[in-house]
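Visitor: Take a look and give me a structure for this.
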Amino acid sequence: MIDTNIVKVRVKAPYACFTIPALKVERMTYPCMTPSAARGVLECILWKPEFQWLVKRIKVLRPISFTSFKRNELKSKPSNHIDITEIDNNGKPAHRTQRNSIVLKDVEYIIEAVISMTEENIAKVKRRDAEKGNKPCEPIVKYRDMFNRRVSKGQCWHQPYLGTREFSCEFFPVTEEDENRVAQLNLTYPVGSMLFDLLYDEDRNATPIYMHDVAIRNGILECPDELNSQMLKSTHLRAKKSEFLNQVLFDFNKKEEGLCSQN
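Guide: So this is what the prediction gives:
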């Protein structure tokens, strides 16, 4: 079951990097936020194992602007077995290198999305609420209201980011003035092929899904419904509760659900 009510959130940051998969070493960004990055922002604010986020559209609030810089990076994944100060036989760093990145500068977007839940999960949540003696309510409505409340209060599970974790972002409720800014900018920009999301099968093998002949039209990047429908087949696994941080988050989440049901 897909919710008919769209939720919105505005995000902004000094920098963003939505890396093109073919250019991930010397990173180069797409000119606009990808649907998978938008979903990541939504899940940073509210994630539940019972539902999935479907991104409907992304609205651009500022002109597209690129910048570049060079950084010191590792040639491989960090490990306890790597000494980053090690020097090779040529007198050069063995594990460090300099790489250039082309990123977006001064970005701001509106993300519009809906909640999707299976009938099985809806019944599961209703049954769980009944067992706890909570006030009956529709699960999709409960989660939608919970998301809007968290956005208005600035609450999140962990800090949202735009593309890579070093580019953290702020998020705000969407106002009528924000919507007017999209119309005033009226941006049209050809993108071409763009990564939509990663589809995970039951064995957790990832398959990239792409959008083709993509363009930002009148400041809006539309996300095709057929690709969102395809993403509903992706596995939606719950994080391990044995990890301390996840345990704290789930305990807080449980408490918040109880407060929501009492209201």
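
Visitor: CA only for contacts and neighbour counts going forward, please
Guide: Fine.

Visitor: Now do the contacts for the closest residue to I45 other than its chain neighbours.
Guide: Distance criterion CA to CA, 6 or more residues apart in numbering; nearest residue to I45, sequence neighbours excluded, is C156 at 4.1 Å. Contacts for C156 (CA atoms under 8 Å, 6 or more residues apart in numbering) come out as 44-46, 150.

Visitor: of all the residues you listed, which comes closest to N90?
Guide: N90 has its nearest neighbour among the contacts of C156 in C44, at 44.3 Å by CA to CA.

Visitor: Isn't the closest one up against P160?
Guide: Yes. With contact defined as CA atoms under 8 Å, C44 reaches P160; the gap is 5.4 Å.

Visitor: Pick out whichever of these two has more residues nearby.
Guide: Under the criterion of other CA atoms under 10 Å, the comparison of C44 against P160 puts P160 first, with 23 against 16.

Visitor: That one: what's it in contact with?
Guide: Applying CA under 8 Å, 6+ apart to P160 gives the contacts 40-41, 44-45, 168-170.

Visitor: so where is the chain shaky, pLDDT-wise?
Guide: Counting by pLDDT under 70, the chain shows low-confidence ranges at 78-80, 236-263.

Visitor: Okay, strands next: where are they in it?
Guide: Ranges of strands in the chain, per DSSP state E, are 7-16, 52-60, 66-74, 96-116, 170-172, 189-200, 206-216, 220-222.

Visitor: can you put those strands in TSV and add distance to Y143 and mean neighbour count?
Guide: Formatted as TSV, those follow (distance: least, CA to CA, whole Å; neighbours: other CA atoms under 10 Å):
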stretch	distance to Y143	mean neighbour count
strand 7-16	11	21
strand 52-60	11	24
strand 66-74	36	12
strand 96-116	8	19
strand 170-172	18	18
strand 189-200	23	17
strand 206-216	27	14
strand 220-222	24	20
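
Visitor: right, so of these, which gets closest to N228?
Guide: strand 52-60 (6.1 Å).

Visitor: what's in contact with that closest one?
Guide: Outside strand 52-60, the residues within contact range by CA under 8 Å, 6+ apart are 32-33, 35, 38-39, 42-43, 108-117, 182, 187, 219-225, 228, 232, 236.

Visitor: Same check on stretch 13-29?
Guide: By CA under 8 Å, 6+ apart, the surrounding residues in contact with stretch 13-29 are 30, 32-34, 37, 99-108, 162-164, 167-170, 194-195.

Visitor: hmm, try it at 10 Å
Guide: Identification of contacts with stretch 13-29 by CA atoms under 10 Å, 6 or more residues apart in numbering yields 30-34, 36-37, 65-68, 70, 75, 98-109, 161-171, 193-195, 208.

Visitor: now stretch 210-223
Guide: Applying CA under 10 Å, 6+ apart, the set of residues contacting stretch 210-223 is 31-35, 54-63, 109-113, 181-198, 224, 227.

Visitor: make it 7 Å
Guide: Residues outside stretch 210-223 that contact it (CA atoms under 7 Å, 6 or more residues apart in numbering) are 55-60, 182, 185-196.

Visitor: now could you export just the CA positions of that stretch as PDB?
Guide: Taking C-alpha atoms only, stretch 210-223 is exported to PDB below (Å, rounded to 0.1, in the frame of the first residue of the first chain):
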ATOM      1  CA  TYR A 210      19.500   3.800 -13.900                       C
ATOM      2  CA  MET A 211      17.200   6.500 -15.300                       C
ATOM      3  CA  HIS A 212      17.900   7.500 -18.900                       C
ATOM      4  CA  ASP A 213      17.500  10.700 -20.800                       C
ATOM      5  CA  VAL A 214      17.000  12.600 -17.500                       C
ATOM      6  CA  ALA A 215      16.600  16.300 -17.300                       C
ATOM      7  CA  ILE A 216      15.700  18.800 -14.700                       C
ATOM      8  CA  ARG A 217      12.600  20.600 -16.100                       C
ATOM      9  CA  ASN A 218      11.300  23.800 -14.500                       C
ATOM     10  CA  GLY A 219      13.400  23.100 -11.500                       C
ATOM     11  CA  ILE A 220      12.000  19.600 -10.900                       C
ATOM     12  CA  LEU A 221      13.600  16.200 -11.300                       C
ATOM     13  CA  GLU A 222      10.800  13.600 -11.600                       C
ATOM     14  CA  CYS A 223      11.300  10.100 -10.400                       C
END
